[in-house]
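Asks: How does the following fold in three dimensions:
(2 chains)
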Amino acid sequence: MANITKTNRRDFLKIAATATGGLFIGFYWSGCDSPKMQVLSTEEILSKATDFNSFLSITPDGDIVIYSPNPELGQNIKTSFPMVVAEELDADWSRVRVLQANLDTEKYERQLTGGSGAMPHSWERLRKAGATARHLLISAAATRLEVDRNSLTTEKGIIYHKDSGKKLGYGEVVLDAAQLEAPDEVIFKDPKDFKIIGTPVKNVDNEDIFTGKPLFGLDFYREGMLHAMVQRPPFGMKIKSVDDASARAIPGIQDVIVYDNNVAIVGNSTWPLMKAKRRLNVSYEPDGKVESSFDHDRIFKELLDSKDARAMREDGDVDTAFKNAAKIVTSEYQCPFLSHSPMEPMNFFAHVKEDQVELIGPTQTPDSARVQTANLLGIPKENISVEITRLGGGFGRRLRADYVLEAVEISKRMNAPVKVTWSREDDMTGGAYRPAVRYRFSAALDEAGNMIGYKLRGVGMNAGNSVRQDNFPSGAVENVLIENVNYASSITTNAWRAPITNFLAYAEQSFLDEVALEAQKDPVQFRLELLEKAKTSPVGSVNYDVDRMIGVIKDAAEKSNWGKDGNVKQGFSVYFSHRSYVAQVANIEMENNQPVLKKIIASTDCGIVVNPTGANHQVRGGIVDGMGHAMYGNLTFENGLPKQKNFDSYRLIRMKEVPEVEVHYLDSGFDPTGLGEPALPPTGGAIANAIFAATGRRLRSQPFVEQKEFSDINLEIKRG
Amino acid sequence: MANYNLRINEKNYEVDVEDDTPLLWVLRDHLGLVGTKYSCGIAQCGACTVHINGEATFSCTLPISSVGNDKVTTIEGLSEKGDHPVQKAWNEIDVAQCGYCQAGQIMNAASFLKKNPKPTLEEIDNAMNRNLCRCGTYHKIREAVALAAKTK
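Replies: Modelled structure (predicted):
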């Protein structure tokens, strides 16, 4: 059903004709005084072209340029955002060119990559931008042809008047359209008429990626630019002394700067820096807590019994429920620190001039980088420009601006343009990690196997809140107590793809499997019964849509042929995060009495699927990521330093360790929600539950391959 | 510093660098050929894969002094118009997520298929196991190699 949307509520369009001809529509995201269009001169367009946060332009030849505002790190936003604009514009996709927009939050509002939030945030605005342009082009054509605008239709960039057989290309009417006022309302397409959305549109950067064009931050070079690498202190340490004599002796080294506990080496190319860094002699002394993984294990055990736990959710009366329970199940789950380790290590270019700063590089939060730079230098943020390159992965690491500020600091001190490059070892040892966490779960069952009480206590490290108290099974259990304890670690931590839930989901979904077993219920049926309760008599607030969760559970059970083939040992898991619902089933087949992980089946409800190729990438990639880290990922600390410093000791999943992944989507018709994260959280649980089904071994800690329960399980991974 | 004459992508280059400079950094910092990526620097991830006389080689640990007269091919020189069968297959299958590792993947696949034009899926997995992809595009990499083998 097509719907009518007001155009002038918060956004307005800025339209301009150029001397060479063409229609530029810049759509502003936040409050502006005038809803009217303004015609800009060519000079203004040219002078402001890079300042437009996002706009589409149409040339008299019918070529269309769409700017994409958000940092692209593999989530495919640079393709899917323009698809939405082009859909409502009724553009010919083959005539669309997509360009990355620079930072301009006045026009854009939200220009960051994180939390799987871009598509839900911008869906309506993108549609509006396309629909408004289409409306104006039709109006211009109606005047030109002297017909009623309602008698005109559009298809692939052409306006048709069926009665007379006349047609006009968008390019032919752009100049006229540029003179018109933006309409108060536009009509959106009925989703069933979508021609671009829902089709597998290819990544717009494919050609550049596959031919090695400079796209990434590390690929940025400028004549006269200096290179820098930084030696950072172990966590909880400060510099005691620096001997840089032999580092300085390396040809190509220009300077060694000590600042804020960092030692920066500056030179004219990367390799001399790498060599010089190895020759630096820096000794450190404690400056607070100097931690090892061994300490963390002890701290977790202590704090799980702490009296200072903070109650995050209390429903009913858990004490009474547990007192009256026929059976109580209690388990603890723990995960290690993880490095983000995007394939492109941290890097950034900065040129600090007198009162202007130019920043270029890979960041998930360009605005935060700009604001922090402004604060560091004491200059207005308006004096700082940020050019966003493609990101060679992010996974949350590039939400922080630490590496941007290093480039700024060194550029300022050297009075020159500087690119800071982190080696892989720098990247792994100077991270802002997924913190280790330990959970204790308890469930109280009555005689009939109903879960009448549920307790969860999480101990996190710099995690803030290590639990998600309103997630399932909250809402489905009468008596609930969910608590959090936070430990302040000296190790830097930060969001890591699907923060908190990347491990919490595994722990919860494995624990629910344990409870179902004790209740002598089928794991799928057990969850469905709980959800029935959440639907008919919810307890407290429920932050998930019960029907959508039931939807993915039933679909995954059906598609995986759940419980119907005795030779297939299955593990179930379902999770709601970042506004999307994903259920997964892991299939282990027994071959010669050995377990073989063959397949993971996923059912996803993320509303309308904008680009099936992109969605498949995110679901399969999220599953591979979730599996890899559950199986192998482990970063351990010794005296404030990670023991694993590169991919020889920090194990990432490889080609031969990936099972078949089958993906399904529920056509729920809801507006689209993000997919960068939601497919990852359920994976560990599905695999662990399948391993239990196949071997009777319950894995309660990650990484699996390092657990003693796993030591004699010879799990093979095979694709058909 | 020493002077090196290199044959890269069928062109001659001349650089003045230290003997131990890895080919990777000569390509990136000195010759502007940035398609070959740095990621681990210790021959573990394959992002830096180039061809040395057609053989897939990690350029991050290959000192320039040992390149000699060998023919170097980088992603920029794999084909003139980006239409090598492997590149075409990578586009057809739409392999990339972030894209950072893909040049190395393509170079490895191209060299592998030259030696083994009709590989089994298992052989593809074995050959591609030396290249890491942090985004997890492994399914598509496998599909693309299989497609390139078929359409060659």
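Asks: Break chain A into its domains for me.
Replies: The record's domain parsing of chain A by automatic domain parsing lists A:4-208, A:217-287+A:346-421, A:306-322+A:433-717.
Asks: mind checking which of these is nearest B:L6?
Replies: For the domains of chain A, the distance to B:L6 is smallest for domain A:217-287+A:346-421, at 15.6 Å, taking C-beta to C-beta. Backbone N, C-alpha and C define where each C-beta goes, glycine included.
Asks: Okay, now the unreliable bits of the chain?
Replies: Chain wasn't specified; assuming chain A. For chain A, applying pLDDT under 70 flags the ranges A:1-55, A:107-109, A:720.
Asks: actually it's chain B I care about, not the one you picked
Replies: In chain B (pLDDT under 70), the answer is B:151-152.
Asks: Identify the residues contacting the residue in it that chain A sits nearest to.
Replies: Closest to chain A within chain B is B:G35: 1.8 Å, counting by C-beta to the nearest C-beta. Neighbouring residues of B:G35 by C-beta atoms under 8 Å, 6 or more residues apart in numbering or on different chains: A:T211, A:G212, A:K213, A:P214, B:T74, B:I75, B:E76, B:A103.
Asks: Which of the residues you listed fall within helices?
Replies: Counting by DSSP state H, the contacts of B:G35 place A:T211, B:A103 in helices.
Asks: if we can go back for a sec, could you check how far the closest residue to the residue of chain B closest to chain A other than its chain neighbours is from B:I8?
Replies: Nearest in space to B:G35, with sequence neighbours left out and distances taken as C-beta to C-beta, 6 or more residues apart in numbering or on different chains, is A:G212 at 1.8 Å. Note on A:G212: its distance to B:I8, by C-beta to C-beta, to the nearest Å, is 12 Å.
Asks: Adding distance to chain B and mean neighbour count, write the domains of chain A out as a markdown table.
Replies: Formatted as a markdown table, the domains of chain A follow (distance: least, C-beta to the nearest C-beta, whole Å; neighbours: other C-beta atoms under 10 Å in any protein chain shown):
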| stretch | distance to chain B | mean neighbour count |
| --- | --- | --- |
| domain A:4-208 | 3 | 19 |
| domain A:217-287+A:346-421 | 3 | 20 |
| domain A:306-322+A:433-717 | 3 | 21 |
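Asks: Torsion angles phi and psi at A:N639?
Replies: The phi/psi pair for A:N639 (degrees, to the nearest 10) reads phi 50, psi 50.
Asks: who touches it in this structure?
Replies: A:P234, A:V290, A:S292.
Asks: got the residues you listed as CSV, with secondary structure and distance to A:S510 columns?
Replies: Putting these into CSV (DSSP: H, G, I helix; E, B strand; the rest coil; distance: C-beta to C-beta, whole Å) gives the following:
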residue, secondary structure, distance to A:S510
A:P234, coil, 34
A:V290, coil, 33
A:S292, coil, 27
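Asks: Let's have the residues you listed in a markdown table, adding distance to A:V204.
Replies: Listed next are the contacts of A:N639 as a markdown table, based on distance: C-beta to C-beta, whole Å:
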| residue | distance to A:V204 |
| --- | --- |
| A:P234 | 42 |
| A:V290 | 47 |
| A:S292 | 46 |
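Asks: Contacts for the one helix or strand B:E143 maps to, please.
Replies: Assigned by DSSP states H and E, B:E143 belongs to helix B:138-151. With contacts defined as C-beta under 8 Å, 6+ apart, helix B:138-151 is touched by A:617, A:620, A:624, A:654-655, A:658, A:660-661, A:719, B:85-86, B:88-90, B:92-95, B:105, B:109, B:112-113, B:117-119, B:121, B:124-125, B:127-128, B:131, B:133.
Asks: Buried members of these into ChimeraX, please.
Replies: Command for ChimeraX that selects the buried part of the contacts of helix B:138-151, burial taken from 16 or more other C-beta atoms under 10 Å in any protein chain shown:
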select /A:617,620,624,654,655,658,660,661,719 /B:85,86,88,89,90,93,94,95,105,109,112,113,119,124,125,127,128,131,133
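Asks: Tell me which of the contacts of helix B:138-151 fall in helices.
Replies: When these are checked against helices (DSSP H), the matches are A:617, A:620, A:624, B:85-86, B:88-90, B:92-93, B:105, B:109, B:112-113, B:121, B:124-125, B:127-128.
Asks: For the residue of the stretch 151-300 of chain A found nearest chain B, give me its contacts.
Replies: Nearest to chain B, among the residues of the stretch 151-300 of chain A, is A:G212, at 1.8 Å (C-beta to the nearest C-beta). Neighbour list for A:G212: B:L33, B:V34, B:G35, B:T36, B:T74, B:I75, B:E76, B:A103 [criterion: C-beta under 8 Å, 6+ apart].
Asks: Just the ones of those in strands?
Replies: Assignment to strands by DSSP state E places none of the contacts of A:G212 there.
Asks: nearest to A:N203, of the residues you listed?
Replies: B:A103 (14.5 Å).
Asks: Return the residues in contact with that closest one.
Replies: Neighbouring residues of B:A103 by C-beta under 8 Å, 6+ apart: A:I209, A:F210, A:G212, B:G35, B:T36, B:K37, B:A47, B:T49, B:I75.
Asks: ok, for it, nearest residue in space, not its chain neighbours?
Replies: Spatially, and ignoring its direct neighbours in sequence, B:A103 is nearest to B:I75 (4.0 Å; C-beta to C-beta, 6+ apart).
Asks: how far away is that neighbour from B:L62?
Replies: 16 Å.
Asks: for A:E72, same thing?
Replies: Distance, A:E72 to B:L62, using C-beta to C-beta: 31 Å.
Asks: Quick check, A:Y333 in contact with A:D513.
Replies: No. At 11.8 Å, A:Y333 does not count as touching A:D513 under the criterion of C-beta atoms under 8 Å.
Asks: What residues of the helix holding B:E143 count as buried?
Replies: Within helix B:138-151, the residues that qualify as buried are B:Y138, B:H139, B:K140, B:I141, B:R142, B:E143, B:A144, B:V145, B:A146, B:L147, B:A148, B:A149, counting by 16+ other C-beta under 10 Å.
Asks: Put together CSV for those, with distance to A:K643 on each row.
Replies: Converted to CSV, the buried residues of helix B:138-151 look like this (distance: C-beta to C-beta, whole Å):
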residue, distance to A:K643
B:Y138, 27
B:H139, 32
B:K140, 33
B:I141, 30
B:R142, 33
B:E143, 37
B:A144, 36
B:V145, 35
B:A146, 39
B:L147, 41
B:A148, 40
B:A149, 41
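Asks: check contacts around A:V352.
Replies: Contacts for A:V352 were tallied using C-beta under 8 Å, 6+ apart; they are A:L377, A:V408, A:S411, A:K412, A:N415.
Asks: List just the nearest of the contacts of A:N639 to A:E314.
Replies: The closest of the contacts of A:N639, once distances to A:E314 are taken by C-beta to C-beta, is A:S292, at 35.4 Å.
Asks: count of residues packed around the closest one?
Replies: Close neighbours of A:S292, defined as other C-beta atoms under 10 Å in any protein chain shown, add up to 15.
Asks: Confirm A:K533 sits in a helix?
Replies: Yes. Assigned with DSSP: H, G, I helix; E, B strand; the rest coil, A:K533 falls within a helix.
Asks: Which residue comes closest to it once chain neighbours are left out?
Replies: Spatial nearest neighbour of A:K533, excluding adjacent residues (C-beta to C-beta, 6+ apart): A:A476 at 4.8 Å.
Asks: so how far is stretch A:370-380 from its chain's centroid?
Replies: With C-alpha atoms, centre = their mean, to the nearest Å as the basis, stretch A:370-380 stands 26 Å off its chain's centre.
Asks: Show me what that stretch is in contact with.
Replies: A:103, A:350, A:352, A:355, A:357, A:359, A:381, A:383-384, A:386, A:401, A:404-405, A:408-409, A:412.
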